[in-house]
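Asker: Quick one, structure for this:
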Amino acid sequence: INRALLANQRAIAKLFFNLLKSEMKRELSHRLKWQDRVKDWKLIQKNSVVHSFREFMANEETQNPPTVKTEIENMITDQILLSERRLEFLQHLGDLLPPTHTKAEINEWYRSLVNLN
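Answerer: Residues are numbered from 1 along each chain as shown. A predicted model of the protein is given here:
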């Protein structure tokens with residue numbers, strides 16, 4: 001009877017071991033599948049973000065915003081006006097004759113030159 005009990009106990013232990021082993025293999029398989037799904041999901045999310053960004057950047061308004069165009073036009077206009085004022089000032093400077101102008105006029109001219117720059 002003792003031998004039969006020992007044999008049954010060994011058989012139960014072996015069955016329990018096999019059950020745990022198969023359960024661990026199944027859990028490992030599920031974990032690997034889960035990791036693959038997470039990896040696939042992250043790839044899909046990344047591709048979605050890249051696609052959205054490319055669409056955003058392909059938009060004409062994004063590439064050439066109207067406010068930038070307006071600002072550039074304003075800057076060009078300001079630059080043209082400043083160039084015209086400098087030219088007028090330089091022409092006025094050419095008209096100056098040193099002996100006929102007073103020191104106050106020369107100082108005024110110098111202040112206006114400094115203000116332009």
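
Asker: Give the next helix or strand downstream of whatever helix or strand Trp34 lives in.
Answerer: Assigned by DSSP states H and E, Trp34 falls within helix 2-58. Once helix 2-58 ends, the next helix or strand along the chain (criterion: DSSP H and E) is helix 60-63.

Asker: And for that next one, what's in contact with it?
Answerer: 56-57 (C-beta atoms under 8 Å, 6 or more residues apart in numbering). (Each C-beta comes from the backbone N, C-alpha and C, glycine too.)

Asker: Would you mind checking the average pLDDT for that helix?
Answerer: Averaged across helix 60-63, the pLDDT comes to 87.

Asker: Give me the below-cutoff pLDDT ranges for the protein.
Answerer: Within the chain, the segments meeting pLDDT under 70 span 96-100, 117.

Asker: Any idea which residue is closest to the centre of it?
Answerer: Phe53 (10.1 Å; C-alpha atoms, centre = their mean).

Asker: neighbours around Ser29, how many?
Answerer: 10 (other C-beta atoms under 10 Å).

Asker: oh, I was asking about Leu113
Answerer: Other residues close to Leu113 by other C-beta under 10 Å number 13.

Asker: Identify the residue nearest it in space, chain neighbours excluded?
Answerer: Of all residues not flanking Leu113 in the chain, Phe89 sits nearest, at 6.9 Å (C-beta to C-beta, 6 or more residues apart in numbering).

Asker: what's the distance between the one you found and Glu55?
Answerer: 51 Å (C-beta to C-beta, to the nearest Å).

Asker: For the residue nearest to Leu113, what is the enclosing helix or strand?
Answerer: helix 66-95.

Asker: Next SSE downstream of that helix?
Answerer: Next along from helix 66-95, by DSSP H and E: helix 103-116.

Asker: helices and strands around that next one, which ones?
Answerer: Helices and strands touching helix 103-116, by 3 or more C-beta pairs under 8 Å, 6 or more residues apart in numbering; DSSP states H and E, are helix 66-95.
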